[in-house]
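1. the following comprises the amino acid sequence and a computationally predicted model.
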Amino acid sequence: MLLTIHLIALGIWIGVVGAEFVIEFAGMKDNESLKSASLMHYKTDIWIEIPAFSIVLLTGFLMLNESHLEGLFFYKIIFAILAVFFNSINVYAVFKRRAFAIKDDLDGVQSVTRIMRLSGLVIPCFIIAFTLGMISAAH
């Protein structure tokens with residue numbers, strides 16, 4: 001049951017990351033679009049992304065056993081934790097950017113861009129963790 005919940009939350013998490021990419025791309029048109037993207041990205045974080053990656057983290061922790069701390073699965077765990085870490089940085093940036101957007105501080109909104117780019121490392125970490133998990137499950 002935990003694995004099923006874990007995998008569903010994992011699918012929701014990566015799906016919303018993909019949707020947020022579309023939101024961010026639409027926000028590149030002009031300043032008003034960037035402000036709208038900031039507000040929409042915040043809502044997807046609050047209602048979908050944070051719950052999804054929190055469930056992934058919790059269920060992953062609950063399924064953890066001693067055998068997972070060796071071999072490829074150990075590296076899967078490391079990359080999974082890195083994915084959650086980089087996603088948490090993104091959430092911080094999204095919250096900060098939303099605060100600037102509410103105040104109509106476009107310079108502030110744009111100042112968060114570098115942090116959000118760094119948090120883009122969530123995707124490669126996620127892909128590596130997922131791949132290592134699939135390889136481990138096949139053995």
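-> Perfect, I can see it now.
2. what does stretch 58-65 contact?
-> The list of residues contacting stretch 58-65 from outside it, by Cβ atoms under 8 Å, 6 or more residues apart in numbering, reads Leu2, Leu3, Ile5, His6, Ala9, Ile77, Ala80. Glycine gets a C-beta too; all of them are placed from N, C-alpha and C.
3. output it as CSV, nothing but the C-alphas.
-> Written as CSV, here are the backbone C-alpha positions of stretch 58-65 (Å, rounded to 0.1, in the frame of the first residue of the first chain):
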residue,chain,number,x,y,z
LEU,A,58,7.2,10.4,4.0
THR,A,59,6.3,7.1,2.3
GLY,A,60,9.9,6.7,1.1
PHE,A,61,11.1,7.1,4.7
LEU,A,62,8.4,4.6,6.0
MET,A,63,9.5,2.0,3.4
LEU,A,64,13.2,2.4,4.2
ASN,A,65,15.0,-0.6,5.6
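4. flag every buried residue along that stretch.
-> Residues Thr59, Gly60 are the ones in stretch 58-65 that count as buried (16 or more other Cβ atoms under 10 Å).
5. can you tell me the element the residue nearest the centre of the chain falls in?
-> By Cα atoms, centre = their mean, the chain has its centre lying nearest to Asn87, at 3.7 Å. Assigned by DSSP states H and E, Asn87 belongs to helix 71-102.
6. and the furthest pair within the contacts of stretch 58-65?
-> Spanning the widest gap among the contacts of stretch 58-65 are Ile5 and Ile77, at 17.7 Å by Cβ to Cβ.
7. looking at those two, which is more packed in?
-> The neighbour count for Ile5 versus Ile77, taken as other Cβ atoms under 10 Å, is higher for Ile77 (18 against 15).
8. go ahead and confirm Ser38 touches Ser111.
-> No: taking contacts as Cβ atoms under 8 Å, Ser38 lies outside contact range of Ser111: 11.9 Å.
9. no further questions, thank you.
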